[in-house]
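Q: Quick one, what's the 3D model for this:
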Amino acid sequence: MLITALLTGATALAQIPAGGVVTTGEAVSRPCGVTTACTSGLQTRASMQRCGTVTAPDGSQWELPAPITDGPAAVDIYNDCTGQGDNPNYLDEVETVVVDPDGVEITGYIFADNYYELWVNGTFVARDSLGMTPFNSTIVRFKAKYPMTYAFKAVDWDTHPGLGMEYDSYRVGDGGFIARFSDGTVTGSHWKVETFVIAPLGDPSCVTDDNGRDSTACPSEKTPSGNRVPCGLADPQSCKALLFEIPDDWTAPEFDESSWVNATLYTADQVTGTPGYVRHADLFEPGQFIWTRNLVLDNLVLARYTVEAPPD
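A: You can find the predicted model right below:
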């Protein structure tokens, strides 16, 4: 179903998916609750990890690139921002989060472009320690019982919150994440996904919701400096974002994700070639990189999968 909404700074009405809110321009940004600069380790440049608050035409306020959960960070396997690259002690450093006292202990290996948060059976387990770049890889451990519901918040971080763009060049980045758990659970097309932030957009009516929110019809073009969309070529501040409210209970086992779509698979080459993944790729196999149907414009993605019993 589509609804009619008034775009900021426009006189014409456009059709956008139900529940969507359109904002224009960059949010007022600030440092977030994740690492904001590489002050040690092998990298010395700032990683520009910032969050922002943008106000919609209806007066509602939105945290971008995503609401960040205040909780423990996962242990790094590789981190060249605040660490010295490979962490040989990651297995000794990881602690077990008790979700269900009568559950089984599971170890998980996760790589995200750029950021993730993980819940299991509705309990927060860990978040990525780095929001933006350089890319790290992580390990988590928890104790939970079956049926076991995994719920990921995955963010293609930007450095211009509200625009979905990165760096001074206003480049449009891409997302993608991969995970493998010690009971045999891996990311793949059997996971359910939905997007909640889509940017940058020139005309948000290009997004449809006949079969989940789908931004694949929205125009984008490839330039030598990366993916861009027409709204960013002349005036980035004219770009719009299409935002949807995250359901309060989306991490709960009983949440109904039947309206979400199956994840789209991507190759490692489509997502990353950075050391955080490449040096430890075997830890994530046979997991597959997943996202929604648009790796470039869909910036905040929720993903879920329930394991009824230990995989064979």
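Q: okay, now the residue nearest to Pro17 when sequence neighbours are not counted: neighbour count?
A: Distances taken as CB to CB, 6 or more residues apart in numbering place Asp209 nearest to Pro17, at 3.7 Å, with adjacent residues excluded. To be clear about C-beta, it is placed using only N, CA and C from the backbone, and glycine gets the same treatment. Asp209 has 17 neighbouring residues, counting by other CB atoms under 10 Å.
Q: quick one: Asp209 from Phe124, how far?
A: 29 Å (CB to CB, to the nearest Å).
Q: Backbone dihedrals for the residue nearest to Pro17, both of them.
A: Asp209 adopts backbone torsions of phi -140, psi 30, taken as degrees, to the nearest 10.
Q: Surely it is in contact with Thr195?
A: No - judged on CB atoms under 8 Å, Asp209 makes no contact with Thr195 at a distance of 10.3 Å.
Q: Show me which parts of stretch 51-71 are buried, residue by residue.
A: 51-52, 54, 56, 62-66, 68 (16 or more other CB atoms under 10 Å).
Q: Show me what the mean pLDDT comes to for that stretch.
A: Mean pLDDT, stretch 51-71: 92.
Q: Give me the contacts around that stretch.
A: 6, 8, 21-23, 25-34, 115, 117, 124, 126-127, 131, 153, 155-158, 161-162, 164, 196-197, 241, 243, 246, 299-300 (CB atoms under 8 Å, 6 or more residues apart in numbering).
Q: Output that stretch in PDB with nothing but the alpha carbons.
A: Only the C-alpha atoms of stretch 51-71 are listed here, as PDB (Å, rounded to 0.1, in the frame of the first residue of the first chain):
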ATOM      1  CA  CYS A  51      25.800  10.200  14.500                       C
ATOM      2  CA  GLY A  52      23.100  12.800  13.900                       C
ATOM      3  CA  THR A  53      19.600  13.900  14.500                       C
ATOM      4  CA  VAL A  54      17.400  14.900  11.700                       C
ATOM      5  CA  THR A  55      13.900  16.500  12.000                       C
ATOM      6  CA  ALA A  56      11.200  15.500   9.600                       C
ATOM      7  CA  PRO A  57       8.500  17.800   8.200                       C
ATOM      8  CA  ASP A  58       6.000  16.400  10.800                       C
ATOM      9  CA  GLY A  59       8.300  17.400  13.600                       C
ATOM     10  CA  SER A  60       9.500  13.800  14.400                       C
ATOM     11  CA  GLN A  61      13.200  13.400  15.100                       C
ATOM     12  CA  TRP A  62      15.300  10.500  13.800                       C
ATOM     13  CA  GLU A  63      18.700   9.200  14.900                       C
ATOM     14  CA  LEU A  64      21.000   8.500  12.000                       C
ATOM     15  CA  PRO A  65      22.700   6.500  10.600                       C
ATOM     16  CA  ALA A  66      20.800   4.400  13.200                       C
ATOM     17  CA  PRO A  67      19.900   4.300  16.900                       C
ATOM     18  CA  ILE A  68      23.000   3.000  18.700                       C
ATOM     19  CA  THR A  69      22.500   0.600  21.600                       C
ATOM     20  CA  ASP A  70      24.500   1.200  24.700                       C
ATOM     21  CA  GLY A  71      26.000  -2.100  25.400                       C
END
